[in-house]
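1. From the sequence below, what's the structure:
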Amino acid sequence: MNKLFIKNMVCNRCIMVVQNEMDKLNLSVKHIQLGEVVFENELSEEQKKAIDKALSPLGFELIDDKKSQIIEKIKNTIIRLVHHQNNELKNNLSEVLSSELHHDYNYLSNLFSEIEGTTIEKYFITQKIERVKELLVYNELSLSEIAFQLNYSSVAYLSNQFKKVTGLTPSHFKQIKEDKRKPLDQL
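-> Numbering: from 1, shown residues only. The predicted structure is shown next:
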């Protein structure tokens with residue numbers, strides 16, 4: 001096999017870290033994306049063990065079984081959509097997942113719920129709220145702009161969902177974060 005699936009890759013920095021480890025092991029990589037590394041050549045068992053040994057202390061884990069690979073692909077697709085493709089959430093999530101993972105959405109949904117103990121929709125909402133928190137802390141966009149970017153139908157809907165998940169309104173969350181930040185002269 002010249003493809004490995006890796007758990008806990010969630011951002012571009014993870015991709016850089018994994019690439020760096022592959023370089024240290026002198027392995028030719030064709031392509032790296034969230035949760036997946038494609039190699040130029042077939043890997044030996046020794047190479048797989050070396051990769052596991054190098055990645056494990058960094059919080060990554062090789063995934064062998066098919067169901068776990070599918071779960072990780074679902075998570076990585078959602079993370080990519082929410083955190084890395086601004087305002088490209090126009091398509092129906094079930095259609096995107098079915099298309100990218102080549103499985104019926106009902107199968108994906110049931111598998112995800114069985115293994116993760118939550119629904120794909122709840123995971124998706126949690127990721128969206130995490131992104132809203134990030135954008136609120138950056139303080140570069142208004143709540144209307146954030147709602148538009150994350151494809152919410154209205155600011156009110158975003159605010160209601162935010163409060164349901166966090167227990168706080170977006171403005172209260174933002175105020176708490178601002179109060180915790182110390183000015184440079186007080187550090």
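
2. any weak-confidence spans in the chain?
-> 1, 85-91, 180-187 (pLDDT under 70).

3. and the next element down the chain from the biggest helix by length in it?
-> With secondary structure taken from DSSP state H, the chain has its longest helix at helix 120-138. Once the chain leaves helix 120-138, the next helix or strand it forms, by DSSP states H and E, is helix 143-149.

4. Tell me which other helices or strands that next one touches.
-> helix 120-138, helix 155-166 (3 or more C-beta pairs under 8 Å, 6 or more residues apart in numbering; DSSP states H and E). Every residue, glycine included, has its C-beta placed from N, CA and C.

5. Buried residues in it, which are they?
-> Of the residues in helix 143-149, 143, 146-149 count as buried by neighbour count, 16 or more other C-beta atoms under 10 Å.

6. next one: stretch 70-84
-> 70-83.

7. Put together a markdown table for those, with secondary structure and distance to residue 99 on each row.
-> Converted to a markdown table, those look like this (DSSP: H, G, I helix; E, B strand; the rest coil; distance: C-beta to C-beta, whole Å):
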| residue | secondary structure | distance to residue 99 |
| --- | --- | --- |
| 70 | helix | 14 |
| 71 | helix | 17 |
| 72 | helix | 17 |
| 73 | helix | 12 |
| 74 | helix | 13 |
| 75 | helix | 17 |
| 76 | helix | 15 |
| 77 | helix | 10 |
| 78 | helix | 14 |
| 79 | helix | 17 |
| 80 | helix | 14 |
| 81 | helix | 12 |
| 82 | helix | 17 |
| 83 | helix | 20 |
